[in-house]
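>>> How does the following fold in three dimensions:
(one chain, ligands or ions: 1)
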Amino acid sequence: MGKDLTDKTVVITGASSGIGRATAVACAQAGMNAVINARRADKLKAVAEQIESMGRKAEIVCGDVTDPETSARLLDAATQRFGGFDVVFANAGYGVRSSVCDMEDSELREMFEVNFFAANGLLREAARRLIRERRRGHLLMCSSSVARFALPRFGAYCATKSAQAHICQALRAELRPYHIRVSSVHPIGTTTEFYDVVGRRSNPDENAGLLLQQTPQRFIQSPELVAKAVVACLRKPRPEVWTSHTVRWFAAAVTAFPSLAGIVFKDTPLAPADRA
Ligand SMILES: NC(=O)c1ccc[n+]([C@@H]2O[C@H](COP(=O)([O-])OP(=O)(O)OC[C@H]3O[C@@H](n4cnc5c(N)ncnc54)[C@H](OP(=O)(O)O)[C@@H]3O)[C@@H](O)[C@H]2O)c1
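As a prediction, this is how the structure comes out:
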């Protein structure tokens, strides 16, 4: 069974949909209270109502994670409403389908701001407070299975996920003396709004709207499955949460033998607009 999570407090970014929402609900099922963040207030309100209908408490902190104030507001809200926080899950993120050649620096920086800098900033601030005030706790970041190999046309997104996994690995060692756990989460394709966002943000030539249909079913899972794995990690902490053994082994094999990637990922010519 592992740790009892009853009355513990979790802070989650990107909790208005997908993996963040499912994790907030799963944490409530496990007896936790939640501070939930995203930009869409109506969606967050629905999540808070669901949590409260389960007999737990929820606090909404609406805002963009790239706003430097958001991290402090989230952690302050946890302290004011629940007397502190035990778990922080930096989950908010998005992807774009684009060849490396086609991506402008401004787009790349924008994605790094959300996926990497905001997540890192939140966990850094949480770590500083936990070291000062509690000397225990659990910090998690939603990386991806693609942290360990790069999908063609998703190079920039994979780079943000890889950066997240690396920062978690270093932070894990740095916080171990303070009894603060750090885990990175590595889902495979998950049926969330992620794919709609990729479709909206990508060049229409990329046909990114078809991405989910084009992904083989064995590499697709539900956000509830990821949430369950995250809660299991809170009960019994481990460095990394993987939700597919097959993909984890593939990632290990490509790390050891990089030429494997050239066999598995076929040559991927540039989109028509790039070739013009
Ligand atoms: N779906 C997959 O296949 C997959 C696989 C591996 C890893 N992941 C990772 O899982 C995490 C969650 O994604 P998801 O699949 O659950 O997608 P999702 O349903 O689109 O959820 C993304 C969440 O992030 C929030 N968000 C995005 N930008 C934000 C910003 N600037 N400020 C505050 N909140 C922001 C969104 O809320 P608002 O729009 O309301 O702000 C939403 O709640 C991401 O880090 C993603 O990279 C996803």
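>>> what does the stretch 101-250 of the chain have sitting close to the ligand?
114, 142, 144, 187, 189-190, 192-194, 197, 223 (CB under 6 Å from any ligand atom). Placement of C-beta: from N, CA and C, glycine included.
>>> where are the low-confidence patches of the stretch 101-250 of the chain?
For the stretch 101-250 of the chain, no stretch has pLDDT under 70.
>>> Widest-spaced pair of the residues of the stretch 101-250 of the chain next to the ligand?
Greatest spacing in those, by CB to CB: V114 and G189 (19.6 Å).
>>> on that earlier part again, which ones among the residues of the stretch 101-250 of the chain next to the ligand map onto helices?
Among those, the ones falling in helices (DSSP state H) are 194, 197, 223.
>>> of these, closest to R176?
P223 (29.7 Å).
>>> can I assume that closest one is in contact with G18?
Yes: contact criterion CB atoms under 8 Å: P223 and G18 qualify, at 5.0 Å.
>>> Overlap of the contact sets of those two?
190, 192 (CB atoms under 8 Å, 6 or more residues apart in numbering).
>>> Of the two, which one has the most company?
G18 (25 against 22; other CB atoms under 10 Å).
>>> Once you drop chain neighbours, what's closest to that one?
In space, and not counting its chain neighbours, G18 is closest to T192: 3.0 Å by CB to CB, 6 or more residues apart in numbering.
>>> What distance do you get for the one you found to Q80?
30 Å (CB to CB, to the nearest Å).
>>> Do you have the helices of the stretch 51-200 of the chain handy? List them.
Under the criterion DSSP state H, counting those that start in this stretch, helices of the stretch 51-200 of the chain are mapped to 68-82, 105-112, 119-133, 155-175, 194-201.
>>> Give me the distance from the fourth one to the chain's centre.
Okay, so that is helix 155-175. 11 Å (CA atoms, centre = their mean, to the nearest Å).
>>> Find the closest residue to the ligand in the stretch 51-200 of the chain.
With CB to the nearest ligand atom, the shortest gap between the stretch 51-200 of the chain and the ligand falls at G93, namely 2.4 Å.
>>> surely that residue meets I19?
No: if you go by CB under 8 Å, G93 and I19 don't touch, sitting 9.2 Å apart.
>>> Now do stretch 237-251: distance to the chain's middle.
So, by CA atoms, centre = their mean, the centroid of stretch 237-251 is 15 Å from its chain's centroid.
>>> ditto for stretch 234-241
Worked out by CA atoms, centre = their mean, stretch 234-241 lies 15 Å from the chain centre.
>>> next one: stretch 107-117
13 Å.
>>> please begin residue numbering at 671 from this point
In the new numbering, first residue 671, that becomes stretch 777-787.
>>> quick revisit: so for T862 and Q750, which residue has more residues nearby?
Neighbours were counted for T862 and for Q750 using other CB under 10 Å; T862 has more, 20 against 11.
>>> Now for G763 and I689: what residues contact both?
Contacts common to G763 and I689, judged by CB under 8 Å, 6+ apart, are C812.
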